[in-house]
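Participant: Sequence first, predicted model second:
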Amino acid sequence: MATITMRDGTEIFYKDWGPKDAQPIMFHHGWPLSADDWDSQMLYFLGQGFRVIAHDRRGHGRSTQTDTGNDMDTYAADVAALTDHLDLKGAVHIGHSTGGGEVTRYVAKAKRGRVAKAVLISAIPPVMVKSASNPGGTPMAVFDGFRKALAANRATFYHDVASGPFYGFNRAGVATIEPIVSNWVRQGMMGGAKAHYDCIEVFSETDFTNDLKAIDLPVLVMHGGDDQVVPIGASAELSSKLLRNGELKIYPGWPHGMFVTHADVINPDLLAFIRA
């Protein structure tokens, strides 16, 4: 099992598949999941000749169940340490949800030559929580509800999210795919409750406005029109305008976890952007 130890002793688990001289693609998972959420993309792009990397964020998956350091700056610093360790050059960084925030913070500060392009899928930037300056955001009461539900019964909460809004299985006419729900819960329960609890504040309150403005590399912003977790109007539509070289691609009617439920479309779209 490949791991890298951070300065504070935290061990970060990662997968690194494919030719080491091929262009690298690094995947960043959402909350409260793990690198396993990218199985379809890892296998697809490995088959296309790329080097593919995915890590478990601290406190998630097989990485150390940290009770400290669960903040976006530390997440991005962990990514920087891993990309330095692997000496990734000209990489494409693809992030989903909270992972999209991680990509945004990392890419904005990355060493020259490390990154070629980035992709934000159903991502949290610019900022999720509602405020006077972000009137279209999600009310704080929603995130307080997340914290209460996680603390009361994490397994039930995770099952409710995965079987409901995350994949749009709560929509009329959408059949629930039980193995996808089970896999989501499996990944979530691998991580640490404290880190996941802390990360609710991270994904809801971190402001990426300045990070987005600082990125001058090509960025593809992909978002489902029926994302119930990160509503498109307060996220992708704003982020794409803040980016200097951003492209917005909307998928009408698709859910937050669309790269899992619609990998047959998302993967070729990603490939086209990377090769353009």
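Facilitator: Happy to help now that I have it. Small disclaimer: the values here were computed from a predicted structure and weren't measured.
Participant: Next, the most centrally placed residue in the chain: secondary structure please.
Facilitator: Closest residue to the average C-alpha location of the chain: Gly99 at 2.2 Å, with Cα atoms, centre = their mean. Using DSSP: H, G, I helix; E, B strand; the rest coil, the structure places Gly99 in helix.
Participant: and the closest residue to it other than its chain neighbours, what are its bridge partners?
Facilitator: Once flanking residues are discounted, Gly99 sits nearest to His28: 3.2 Å by Cβ to Cβ, 6 or more residues apart in numbering. Quick note: C-beta positions are derived from backbone N, CA and C, even for glycine. Beta bridges link His28 to Gly95, judged by DSSP bridges.
Participant: Check the gap between His28 and Ala76 for me.
Facilitator: Distance of His28 to Ala76, given as Cβ to Cβ, to the nearest Å: 10 Å.
Participant: And Tyr167, by the same measure?
Facilitator: 27 Å.
Participant: what about these two, which has more around it?
Facilitator: Tyr167 (25 against 22; other Cβ atoms under 10 Å).
Participant: show me where the stretch 51-200 of the chain has helices.
Facilitator: In the stretch 51-200 of the chain, the helices defined using DSSP state H, counting those that start in this stretch lie at 72-86, 98-109, 140-152, 154-163, 178-190, 193-205.
Participant: picking up where we left off before, contacting residues around the residue nearest to Gly99?
Facilitator: Taking Cβ atoms under 8 Å, 6 or more residues apart in numbering as the criterion, His28 is in contact with Ala54, His55, Arg57, Val79, His93, Ile94, Gly95, His96, Gly99, Gly100, Glu102, Val103.
Participant: ok so, going back, what sits in contact with each of His28 and Ala76?
Facilitator: In contact with both His28 and Ala76: Glu102, using Cβ under 8 Å, 6+ apart.
Participant: Tell me how many other residues crowd Ala276.
Facilitator: That count, for Ala276 with other Cβ under 10 Å as the rule, works out to 9.
Participant: And for His159?
Facilitator: His159: 17 surrounding residues under other Cβ under 10 Å.
Participant: swap in Val129?
Facilitator: Look at Val129: counted by other Cβ under 10 Å, it has 18 neighbours.
Participant: What does the pLDDT read for the closest residue to Gly137 other than its chain neighbours?
Facilitator: Among residues not flanking Gly137 along the chain, Lys130 sits closest, at 3.6 Å (Cβ to Cβ, 6+ apart). Looking at Lys130, its pLDDT is 97.
Participant: Buried residues in stretch 89-98, which are they?
Facilitator: By 16 or more other Cβ atoms under 10 Å, the buried positions in stretch 89-98 come out as Ala91, Val92, His93, Ile94, Gly95, His96, Ser97, Thr98.
Participant: what about that stretch, start to end distance?
Facilitator: Distance between the two ends of stretch 89-98: 23 Å, counting by Cα to Cα, to the nearest Å.
Participant: Also stretch 201-218?
Facilitator: End-to-end distance of stretch 201-218 (Cα to Cα): 28 Å.
Participant: any idea of the mean pLDDT for it?
Facilitator: For stretch 201-218, mean pLDDT rounds to 98.
Participant: from the chain's centre, how far out does that stretch sit?
Facilitator: Per Cα atoms, centre = their mean, to the nearest Å, the displacement of stretch 201-218 from the mean C-alpha position of its chain is 13 Å.
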